[in-house]
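>>> sequence? don't have it. structure:
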């Protein structure tokens, strides 16, 4: 895991905002970004995490056979 993600999670844990955004669906992220303020920050972070997770998931499939 990237260092900035670890630091961000630690800060969120300290503040008590870890998991506050809930299940990050595209609809919720879009609404959060539009809302502004603290919600926009949470939505931006959720969007970045989803992007990283998708990249990692895709990267894991490279080099494997399709039968797995």
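Structure received. All of these numbers come straight from a predicted model, not from anything done at the bench.
>>> Next up, the contacts around residue 28.
21, 22, 43, 46 (C-beta atoms under 8 Å, 6 or more residues apart in numbering). Every residue, glycine included, has its C-beta placed from N, CA and C.
>>> That one and residue 16: what is the separation?
20 Å (C-beta to C-beta, to the nearest Å).
>>> Geometric centre of the chain: which residue is closest?
residue 49 (2.1 Å; C-alpha atoms, centre = their mean).
>>> model confidence over the helix or strand containing that residue, on average?
Using DSSP states H and E, residue 49 falls within helix 37-61. Here helix 37-61 scores 83 as its mean pLDDT.
>>> list the helices and strands that helix packs on?
Counting contacts by 3 or more C-beta pairs under 8 Å, 6 or more residues apart in numbering; DSSP states H and E, helix 37-61 packs against helix 3-15, helix 26-35.
>>> Comparing these, which stretch has the densest surroundings?
Mean neighbour count (mean count of other C-beta atoms under 10 Å) peaks for helix 26-35 among these, with a mean of 14.
>>> quick revisit: just how off-centre is the helix holding residue 49 within its chain?
Taking C-alpha atoms, centre = their mean, to the nearest Å, one finds helix 37-61 lying 3 Å from the centre of the chain it belongs to.
>>> which residues sit against it?
Applying C-beta under 8 Å, 6+ apart, the contact partners of helix 37-61 are 2, 5, 8, 17, 20-21, 24, 28-35.
>>> do that again at 6 Å, thanks
21, 24, 29, 32, 33 (C-beta atoms under 6 Å, 6 or more residues apart in numbering).
>>> Next, count neighbours for the residue lying closest to the fourth one once chain neighbours are set aside.
Spatial nearest neighbour of residue 32, excluding adjacent residues (C-beta to C-beta, 6 or more residues apart in numbering): residue 43 at 2.9 Å. In terms of burial, residue 43 registers 21 neighbours under the definition other C-beta atoms under 10 Å.
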